[in-house]
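1. Whatever this is, show me its structure:
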Amino acid sequence: MNQDSTIEVSVVMPCLNEQQTIGSCIEKAKRTMKSLGIRGEVVVADNGSTDNSVSIAENLGARVVHQPIRGYGAAYQAGIEATRGNYIIIGDSDDTYDFTDLERFLTPLRNGHDLVMGSRFKGEILPGAMPWSHRYIGNPILSGILRWVFHTSISDAHCGMRAFTRQAYDKMQLQTTGMEFASEMVVKAAQAGLKISETPITYYPRLGESKLNSFRDAWRHLRFMLLFSPTHLFALPGALLFLLGMFGLLMMLPGPVKIGTHVYDIHVMTLAGFVALLGYQILHLSLYARTYAVSAGFVTKDKFIRGFYQLFTLERGIAFGALLFLCGVALDIRVAWTWIQNGFGSLDEILPALFALVCMILGVQTMFSAFLLSLFAIPRQGKREEGITDED
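-> Numbers count the residues shown, from 1 in each chain. Next up is the predicted model:
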């Protein structure tokens, strides 16, 4: 981005065949900036329009940049990278957002906020502007998940009109190219500790054909949030399964358990063993995911991973895994010795043998996981290692 000190505000609009509305949006933005005495610009990020959208935008004095890579996020990234103002306001070019409303976004930015989100739910949604499935199901559920997982207070995380400072955009380091770009911005802003506020806006019915695919786009938002939160996707269910499985194993280890009129034996312990192994595997996936997110630069800081790698080494991981494996071997030796003493008769030590097998599998899994975690943590040229081994 090439900043120009003479330009204060850049309004960015993505565009894909919006000839019916692009002109109105540009005129509103330019007229509003003029009435507010703002020196600004309008940047249209064309995403492969085949109608007259580009010529309309150019004739109205907007600066058009072309993004051949299709996608909501891709178009916005190209447009934002081309801006020159210190304050950047983005909004769809389908006339669903009112570009005469720029001042309510600029005032919080000038007062020290980093990201200002429009909120259709705190404002007004005009009849026909939003399908009932989006208004009462999709948006509330996705925004609620985002608030719960990432500890934000945003009421409308997928509102397409928002504003931020140039410095905030640089800190967020946005990467996604699809509709999940909207979620990524909120998540990255929260993770970076940016000062976020909301402002109520009015949402209007659009003209022309909608580019949204409700189920596909909702899934992309949900998928992004889950992948960006390994704790909720992996760690919590993994820990629950592992603890539940180990509880069952330890409870059954002394022998069959009678509860009421039912006796629980080898079948329940076998199930508990599988549950414990599954939970342990999912816990390791959590470590892989969080380590990769930091090493690849998707997450700039992760206190848990940094603390983990301050304690973890390949050698310690191998030693811990070997200890688990040897505990299982020792228990198996005890079972074998009992069998020998009984003259190789019937083997009644199936429960301890099963527990030993689980310990050995956990040990082997730990040792191989130690190698993979060490591989993830190897510094690579051009990649960020902050948050893994470095201090702030």
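
2. need the strands for this structure, in chain order.
-> Using DSSP state E, the strands found in the chain span residues 9-15, 40-46, 63-66, 87-90, 115-125, 162-165, 196-203, 257-259, 262-264.

3. and those strands as TSV, adding mean neighbour count and mean pLDDT?
-> Just so you know, the C-beta spots here come from the backbone N, C-alpha and C atoms, and that holds for glycine as well. Conversion of these to TSV gives the following (neighbours: other C-beta atoms under 10 Å; pLDDT from 0 to 100):
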stretch	mean neighbour count	mean pLDDT
strand 9-15	28	96
strand 40-46	25	96
strand 63-66	16	96
strand 87-90	26	97
strand 115-125	21	95
strand 162-165	24	97
strand 196-203	20	95
strand 257-259	11	83
strand 262-264	11	81
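
4. Can you check which of the ones you listed gets nearest to Q77?
-> Among those, the nearest to Q77 by C-beta to C-beta is strand 40-46 (8.2 Å).

5. Show me the domain layout of the chain.
-> The chain is divided into the following domains under automatic domain parsing: 9-227, 230-376.

6. Of those, which stretch is the most buried?
-> Mean neighbour count, computed with mean count of other C-beta atoms under 10 Å, is highest for domain 9-227 among the domains of the chain, reaching a mean of 19.

7. nearest residue to F274 other than its sequence neighbours?
-> G245 (7.4 Å; C-beta to C-beta, 6 or more residues apart in numbering).

8. which regions of this structure sit below the pLDDT cut-off?
-> Counting by pLDDT under 70, the chain shows low-confidence ranges at 1-5, 208-215, 217-218, 221, 227, 296-301, 345-348, 378-392.

9. Contacts only, for F376.
-> When contacts are counted by C-beta atoms under 8 Å, 6 or more residues apart in numbering, F376 touches Y288, T291, Y292, S295.

10. So the first one sits against F371, correct?
-> So the one you mean is Y288. No - applying C-beta atoms under 8 Å, one finds Y288 not in contact with F371, separated by 11.8 Å.

11. Report the contact partners of the residue nearest to F274.
-> A272, G273, F274, V275, A276, L277, L278, G279.

12. For L278, see how far away the residue lying closest to the fourth one once chain neighbours are set aside is.
-> Across the structure, with C-beta to C-beta, 6+ apart as the measure, the residue nearest V275 apart from its sequence neighbours is G245 (3.5 Å). In this structure, G245 and L278 are separated by 7 Å, where distance is defined by C-beta to C-beta, to the nearest Å.

13. do the same with T366
-> The spacing between T366 and L278, counted by C-beta to C-beta, is 15 Å.

14. List just the nearest of the contacts of F376 to L126.
-> Ranked by distance to L126 (C-beta to C-beta), the contacts of F376 are led by Y292 at 43.7 Å.

15. any idea how far L362 is from the closest one?
-> Distance of Y292 to L362, given as C-beta to C-beta: 23 Å.

16. What of S229?
-> Taking C-beta to C-beta, one finds S229 at 26 Å from L362.

17. Please identify the residue most distant from the middle of this structure.
-> For the chain, the largest distance from the centre (C-alpha atoms, centre = their mean) belongs to G343, which lies 59.8 Å off.

18. give me every residue that touches it.
-> With contact set as C-beta under 8 Å, 6+ apart, G343 has no partners.

19. I'd assumed Y87 was in contact with R162.
-> No - using C-beta under 8 Å, R162 is not in contact with Y87; the gap is 11.6 Å.

20. Distance of the closest residue in space to L287 that isn't next to it in sequence relative to I318?
-> Counting by C-beta to C-beta, 6+ apart, L287 lies nearest to L373, which is 6.1 Å off, once chain neighbours are set aside. According to C-beta to C-beta, L373 stands 11 Å off from I318.

21. Could you do F368 as well?
-> Distance of F368 to I318, given as C-beta to C-beta: 9 Å.

22. quick revisit: quickly note the distance from the residue nearest to L287 to C359.
-> Distance from L373 to C359, counting by C-beta to C-beta: 21 Å.

23. same question, A322
-> Taken as C-beta to C-beta, the span from A322 to C359 is 11 Å.

24. can you check L271 too?
-> Relative to C359, L271 is positioned 17 Å away (C-beta to C-beta).

25. Nearest residue to D92 in space, please, no chain neighbours.
-> Nearest non-adjacent residue to D92, counting by C-beta to C-beta, 6+ apart: G160, 4.6 Å away.

26. Please apply the same query to F376.
-> Nearest residue to F376, sequence neighbours excluded (C-beta to C-beta, 6+ apart): T291, at 4.3 Å.

27. ok, that neighbour - contacts?
-> Counting by C-beta under 8 Å, 6+ apart, T291 touches I305, Y309, L373, F376, A377, I388.

28. do L354 as well
-> The contact partners of L354, taken as C-beta under 8 Å, 6+ apart, are L249, I266, M269, T270, G273.

29. give me that answer again for 7 Å
-> M269, T270, G273 (C-beta atoms under 7 Å, 6 or more residues apart in numbering).

30. go on, D101?
-> Applying C-beta under 7 Å, 6+ apart to D101 gives the contacts I201.

31. Dump the strands of the chain into a markdown table; add distance to L331 as well.
-> Putting those into a markdown table (distance: least, C-beta to C-beta, whole Å) gives the following:
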| stretch | distance to L331 |
| --- | --- |
| strand 9-15 | 62 |
| strand 40-46 | 64 |
| strand 63-66 | 67 |
| strand 87-90 | 62 |
| strand 115-125 | 56 |
| strand 162-165 | 59 |
| strand 196-203 | 54 |
| strand 257-259 | 19 |
| strand 262-264 | 21 |
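
32. do you know which of these lies nearest K34?
-> Each of those has some distance to K34 by C-beta to C-beta; the shortest is strand 40-46, at 8.8 Å.
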